[in-house]
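[1] fold the following, please.
(one chain, ligands or ions: 1)
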Amino acid sequence: MTAKIIDGKAVAAEVRAEVAAVVAQRVEAGKSRPGLATVLVGENPASQVYVRMKQKACAEAGIESFGYNLPEDTSQEDLEKLVRELNADERVNGILVQLPLPKHLDEERVLAAISLDKDVDGFHPVNIGRLAQKGRKPQFIPCTPAGCMLLLRKNLDSLEGVNAVVLGRSNIVGMPVALLLVEANATVTICHSRTKNLPDVVRQADVLVAAVGRPEMVRGDWIKPGAVVIDVGVNRIDDPSAKNGTRLVGDVAYDEAVEVAGAITPVPGGVGPMTIAMLLQNTLKAAELSDKQ
Ligand SMILES: Nc1nc(=O)c2c([nH]1)NC[C@@H]1CN(c3ccc(C(=O)N[C@@H](CCC(=O)O)C(=O)O)cc3)C=[N+]21
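    Below is the predicted model of the structure:
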């Protein structure tokens, strides 16, 4: 039996259409049009592509976007000054500082400068801290983890008591998705490059979230038959037979895993599109928060 393919692109399209409808209604009712500021430092080509995709998605949802491109050698002070200006800018409901930042910049200090009410990425240390505390809710949930959870909820009746294995412990995916799974009453194992007997640990997973950034690291025989596999990896690898000589693959060897899993997200077309959809949802939420102030 082959796995059900989880169509992230389709779920993302539903979320985006819903956001667009609510935006249209609020504008019709005389409320403000939501606005997202994107801040890109330097010229990382992948980051430029992602930022453009986010701006295009905003436009389609009726969300205004304000793009700020700063030179590679921008100082900490200048970047924080821009963030403070955006905090004060009424047209801007959400602020997204594209990561990674150039090495000379202190990422945590930049993220901490973002107003909690505009932290649509959910990366402010206070929002992460709230995520890590039982019974507390962050204002915003980080977009990729939120997208993973929505795909899981749509493909499982319940996460209650299931064995969830998260492969990877990054600030932007592994750790927050593990915290969300705990909150959903899953039994969570976080594994990483130092984990002993990694394939055996992964084989216990009813739910696997792979977010290590290692192309096709998880093999088919690591997967428990019937497991739900969420592949967060977006790795570009050389492929002479592909159009531009490269191709995107996940952290999971898809062709092998699809024969064993119960359901699996493809790459592309799985978690990636969900990240953008959740960003729009968070930006709308930020605009709704600002209505009350
Ligand atoms: N502050 C910040 N917030 C982010 O949300 C953020 C970030 N920094 N830095 C980089 C990562 C990466 N990321 C992706 C978004 C969309 C796709 C996506 O839509 N991917 C398509 C394929 C796109 C392609 O062809 O390259 C897919 O998987 O189908 C992937 C990755 C957001 N990130």
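
[2] now do the contacts for whatever residue of the stretch 1-150 of the chain ends up closest to the ligand.
    For the stretch 1-150 of the chain, the residue closest to the ligand is residue 99, as judged by C-beta to the nearest ligand atom, at 3.8 Å. Using the backbone N, CA and C atoms, a C-beta is placed for each residue, glycine as well. Shown in contact with residue 99 (C-beta atoms under 8 Å, 6 or more residues apart in numbering): 107, 123, 172.

[3] closest to residue 22 among these?
    Closest approach to residue 22 among the contacts of residue 99 (C-beta to C-beta): residue 123, at 24.2 Å.

[4] distance of that closest one from residue 1?
    39 Å (C-beta to C-beta, to the nearest Å).

[5] residue 80 too?
    Distance of residue 80 to residue 1, computed by C-beta to C-beta: 54 Å.

[6] more neighbours: which of the two?
    Using other C-beta atoms under 10 Å, the more surrounded residue of residue 80 and residue 1 is residue 80, with 17 against 9.

[7] secondary structure class of the one residue in the chain that gets nearest to the ligand, three-state.
    The chain approaches the ligand most closely through residue 272 (2.2 Å), counting by C-beta to the nearest ligand atom. Under DSSP: H, G, I helix; E, B strand; the rest coil, residue 272 falls in the helix class.

[8] near the ligand, which residues of the stretch 101-250 of the chain?
    121, 143, 234, 248 (C-beta under 6 Å from any ligand atom).

[9] contacting residues around the second one?
    Residues touching residue 143, when contacts are defined by C-beta under 8 Å, 6+ apart, comprise 120, 121, 122, 274, 275, 276, 278, 279, 282.

[10] skipping its backbone neighbours, what lies nearest the fourth one in space?
    By that I understand residue 274. residue 147 (2.8 Å; C-beta to C-beta, 6 or more residues apart in numbering).

[11] what average pLDDT does the one helix or strand that neighbour maps to get?
    Residue 147 belongs to helix 143-155 when assigned by DSSP states H and E. What helix 143-155 shows for mean pLDDT is 98.

[12] alpha carbons of that helix, as CSV, please.
    C-alpha atoms of helix 143-155 as CSV (Å, rounded to 0.1, in the frame of the first residue of the first chain):
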residue,chain,number,x,y,z
CYS,A,143,4.5,29.8,10.8
THR,A,144,6.2,26.6,9.7
PRO,A,145,5.4,24.8,13.0
ALA,A,146,1.8,26.1,12.8
GLY,A,147,1.6,24.7,9.2
CYS,A,148,2.9,21.3,10.3
MET,A,149,0.3,21.1,13.1
LEU,A,150,-2.6,22.1,10.7
LEU,A,151,-1.5,19.3,8.3
LEU,A,152,-1.3,16.8,11.2
ARG,A,153,-4.8,17.7,12.5
LYS,A,154,-6.2,17.3,9.1
ASN,A,155,-4.7,13.9,8.7
